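S.K.: take this sequence and fold it.
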Amino acid sequence: MDGISAGQHSGDGDAADNPVPVPETPVDARASIAGLIAAVGALEPTGGSGLLVDQLRGLEHLKSAVAAAQARVAVAFDLAQRREQAEAGVPVAERGKGVAAQVALARRESPNKGSRLLGLAKALVTEMPRTLAALENGQLNEWRATLLVKETACLSAEDRCAVDEELAPDLGTLEGAGDRRIVAAVKAAAYRRDPRSVTRRAAHAANERCVSLRPAPDTMTYLTALLPVAEGVAAYAALSRAADTARSGGDARLRGQIMADTLVERLTGTPGGITGVQVELVMTDRTLLQGDSEPARLKGYGVVPAGWARELVKRNGTGSLVRQTAAGSRTEGRPLPAGSSAAGTPSGGSEQPDEQPTQAPAEFHVWIRRLYTAPGADELLATDSRARLFPRGLPRLIETRDDTCRTPYCDAPIRHYDHVLAWHAGGTTSLDNGAGLCEACNHTKENPGWKTKPGVRGSRAVEVTTPTGHRYQSTAPPLPGNGNASIGKSIGKRNSPPGGLDPQAPSRTGKRPRQRTKVPAAVPSEIP
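M.R.: Numbers count the residues shown, from 1 in each chain. Down below sits the predicted model:
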């Protein structure tokens, strides 16, 4: 839904300037919705094939009608919030802030998607009533209504209404059309209404170029680049030529494999792709040294198998230096012999400083920094600080614990480290009162009416209260070594804390650890 806008003339002013009336919410609205949910839950898939297909079609219509209702409710909520903010004396330029974040929490979406959903709702309700009617009547689903809104985002409110009327999707104009046909029809209609705006949008599209990374199954990732068409075609052609040359020279790899390997090599400058970029892998000492099956966690990706993590640590022949680290209240650096296997290698050697070497040696080295948790609990150990700014080392602890933004349903990378309970309100500069947040969420919680405080589960829990009084709790993901904690207990839940692994329980080798203190993590990072 990128590019969704409520139009050039909507959603930017005060509620008093918006022509859309605020509907009065019926007293029994929540009861009606609860009844609808119960009725859908009680539906049994019965009957012959024809009846089952009718049920599928009816349920799809219901989904579209619900999406249309959500759009109307979102706009009404935005107007109600703006009106309440105006009564509270909030400046005009500040009104409406935080509304999209509340929509996201209510719909269990990320703040970024919540903003797009609110923009979609405003466009449908205020400027594209025929598209909204088509969505409500089941002629369009939410995604195809989104395409209509997205492709008219560059138009003024008047031109957008004209395109909506021209296409008249509620009258069956786009009946049976697929995504590509809908996009083509909307683009053509938009160009006829305002060719200058469409051309200007195409010219400015290059400013949106970016590169993104998202997880794929089986310890793979999707590295995606959004580029202008000329640069994108040129880059693909260069990779294609490299693959054709390698194949003609007898390379046994598949063409796609060669293109992928060439991309990594040209970006990083080394055949294996391991350069001076930090790669953080969190694992237990049992996984690293005893062959335990407890999964590890790779920063920026998520959970990875134990065997794969050990293989990453002990991989040799890359000509780079890799350090296994994990931030903690106590650190201890110990080298593993060059070229040796990490699994089963006893720790030893002299303590090493935390400085990064200026040049990587030819052989492969592994450094281990130990991170300690409280015995019998899934909590990191740290000390308080009287300083307002987080001392050096504490952000590393917070980032290792939180992994991604601590706002419920937000998986954005951590950009800011801030106090959960504000420093001026008596909050301490400590691990328990610190949280890793993305930039947008950190700014959102500073808006009037928003409150955050540590939850009931220690440093891993944060409770967020929105201006409407709704409360949401976010819990940091369980560290490796607490495999019985499911992701469901880590997001937006108020369950009791997951039980940690018994520090006195026997390992797979049948031996009990001598110390009660668990060593949950080793984070490998590469040193330039």
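
S.K.: the stretch 351-500 of the chain: helices as residue ranges?
M.R.: For the stretch 351-500 of the chain, helices defined by DSSP state H, counting those that start in this stretch occupy the ranges 394-402, 439-444.

S.K.: closest one to Leu289 among the ones you listed?
M.R.: Nearest to Leu289 among the helices of the stretch 351-500 of the chain is helix 394-402 (19.4 Å), distances taken as C-beta to C-beta. For glycine as for every other residue, the C-beta is placed from the backbone atoms N, C-alpha and C.

S.K.: who does the closest one touch, helix- and strand-wise?
M.R.: When contacts are defined as 3 or more C-beta pairs under 8 Å, 6 or more residues apart in numbering; DSSP states H and E, helix 394-402 sits against strand 416-419, strand 434-437.

S.K.: nearest to Pro169, of those strands?
M.R.: strand 434-437 (39.8 Å).

S.K.: on that earlier part again, which of the helices of the stretch 351-500 of the chain is buried the deepest?
M.R.: Among those, the stretch with the highest mean neighbour count (mean count of other C-beta atoms under 10 Å) is helix 394-402, at a mean of 22.

S.K.: average model confidence for it?
M.R.: In this model, helix 394-402 has a mean pLDDT of 82.

S.K.: same check on stretch 147-159?
M.R.: When the per-residue pLDDT values of stretch 147-159 are averaged, the result is 92.

S.K.: and that stretch, what's buried?
M.R.: Under the neighbour-count criterion of 16 or more other C-beta atoms under 10 Å, stretch 147-159 has Leu147, Leu148, Val149, Lys150, Glu151, Thr152, Ala153, Cys154, Leu155, Ser156, Ala157, Asp159 buried.

S.K.: tell me which of those residues fall in strands.
M.R.: Among these, no member is found in strands (DSSP state E).

S.K.: nearest to Ala121, of the residues you listed?
M.R.: Of all these, the one with the least separation from Ala121 (C-beta to C-beta) is Val149, at 9.5 Å.

S.K.: tell me the SS of the nearest residue to that closest one once chain neighbours are set aside?
M.R.: If you skip the residues right next to it in sequence, Val149 has Ala123 as its closest partner in space, 4.5 Å away by C-beta to C-beta, 6 or more residues apart in numbering. Using DSSP: H, G, I helix; E, B strand; the rest coil as the criterion, the local structure at Ala123 reads helix.

S.K.: for Pro295, phi and psi?
M.R.: Taking degrees, to the nearest 10, you get phi -60, psi 160 for the backbone angles of Pro295.

S.K.: give the closest residue to it in space, chain neighbours not counted.
M.R.: Of all residues apart from its sequence neighbours, Val303 sits closest to Pro295 (C-beta to C-beta, 6+ apart), at 4.8 Å.

S.K.: so which helix or strand takes in that neighbour?
M.R.: Val303 is located in strand 302-304, with elements delineated by DSSP states H and E.

S.K.: got a list of contacts for that strand?
M.R.: With contact meaning C-beta atoms under 8 Å, 6 or more residues apart in numbering, strand 302-304 is reached by Pro215, Thr219, Leu281, Pro295, Ala296, Arg297, Leu298.

S.K.: before we move on, what about stretch 195-212?
M.R.: Judged by C-beta under 8 Å, 6+ apart, the contacts made with stretch 195-212 from elsewhere in the structure are 153-156, 159, 187, 190-191, 223-228.

S.K.: sorry, back to before: next, the buried residues of the strand holding Val303.
M.R.: Val303, Val304.

S.K.: low pLDDT regions in the stretch 301-450 of the chain?
M.R.: When residues are selected by pLDDT under 70, those of the stretch 301-450 of the chain lie in 315-389, 391.

S.K.: repeat that for 80
M.R.: Applying pLDDT under 80 to the predicted model, the residue ranges of the stretch 301-450 of the chain that meet it are 301-302, 308-309, 312-393, 423.

S.K.: which helix runs longest in the chain?
M.R.: In the chain, with assignment by DSSP state H, the single longest helix is helix 49-87.

S.K.: quick one: mean pLDDT over it.
M.R.: Summarised as a single mean, pLDDT over helix 49-87 is 95.

S.K.: restricting to C-alpha, output whatever helix or strand comes next after it in CSV.
M.R.: Where DSSP H and E defines the elements, the next helix or strand beyond helix 49-87 is helix 99-106. What follows is helix 99-106, C-alpha atoms only, in CSV (Å, rounded to 0.1, in the frame of the first residue of the first chain):
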residue,chain,number,x,y,z
VAL,A,99,-3.9,8.5,15.4
ALA,A,100,-2.3,6.2,12.8
ALA,A,101,-0.3,4.5,15.6
GLN,A,102,-3.5,3.8,17.5
VAL,A,103,-5.1,2.4,14.4
ALA,A,104,-2.1,0.1,13.9
LEU,A,105,-2.4,-1.2,17.5
ALA,A,106,-6.1,-1.8,17.2
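
S.K.: helix 99-106 packs against which elements?
M.R.: Looks like helix 99-106 contacts helix 49-87, helix 111-126 (3+ C-beta pairs under 8 Å, 6+ apart).

S.K.: mind checking which of those is nearest Val264?
M.R.: helix 111-126 (27.9 Å).

S.K.: same for the closest one, what does it pack against?
M.R.: Under the contact definition 3+ C-beta pairs under 8 Å, 6+ apart, helix 111-126 sits against helix 49-87, helix 99-106, helix 129-136, helix 142-150, helix 439-444.

S.K.: returning to that earlier point: surely the residue nearest to Val149 and Arg160 touch.
M.R.: Yes: using C-beta atoms under 8 Å, Ala123 is in contact with Arg160, at 7.2 Å.

S.K.: just name the most buried of the helices and strands packed on helix 394-402.
M.R.: With neighbours taken as mean count of other C-beta under 10 Å, those reach their highest mean count in strand 434-437, at a mean of 26.

S.K.: what's in contact with it?
M.R.: Counting by C-beta under 8 Å, 6+ apart, the neighbours of strand 434-437 from elsewhere in the structure are 390, 394-395, 398-399, 401-407, 414-420, 445, 452, 459, 462.

S.K.: using PDB, write down the CA coordinates of stretch 244-256.
M.R.: The C-alpha coordinates for stretch 244-256 follow below in PDB (Å, rounded to 0.1, in the frame of the first residue of the first chain):
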ATOM      1  CA  ASP A 244      26.700 -16.600 -18.900                       C
ATOM      2  CA  THR A 245      30.500 -16.200 -18.900                       C
ATOM      3  CA  ALA A 246      30.900 -18.400 -15.900                       C
ATOM      4  CA  ARG A 247      28.700 -21.100 -17.400                       C
ATOM      5  CA  SER A 248      30.500 -21.100 -20.700                       C
ATOM      6  CA  GLY A 249      33.700 -21.600 -18.800                       C
ATOM      7  CA  GLY A 250      32.500 -24.800 -17.200                       C
ATOM      8  CA  ASP A 251      31.100 -23.500 -13.900                       C
ATOM      9  CA  ALA A 252      28.800 -26.200 -12.600                       C
ATOM     10  CA  ARG A 253      26.500 -23.800 -10.600                       C
ATOM     11  CA  LEU A 254      23.100 -23.000 -11.800                       C
ATOM     12  CA  ARG A 255      22.600 -19.700 -13.600                       C
ATOM     13  CA  GLY A 256      20.600 -18.200 -10.700                       C
END
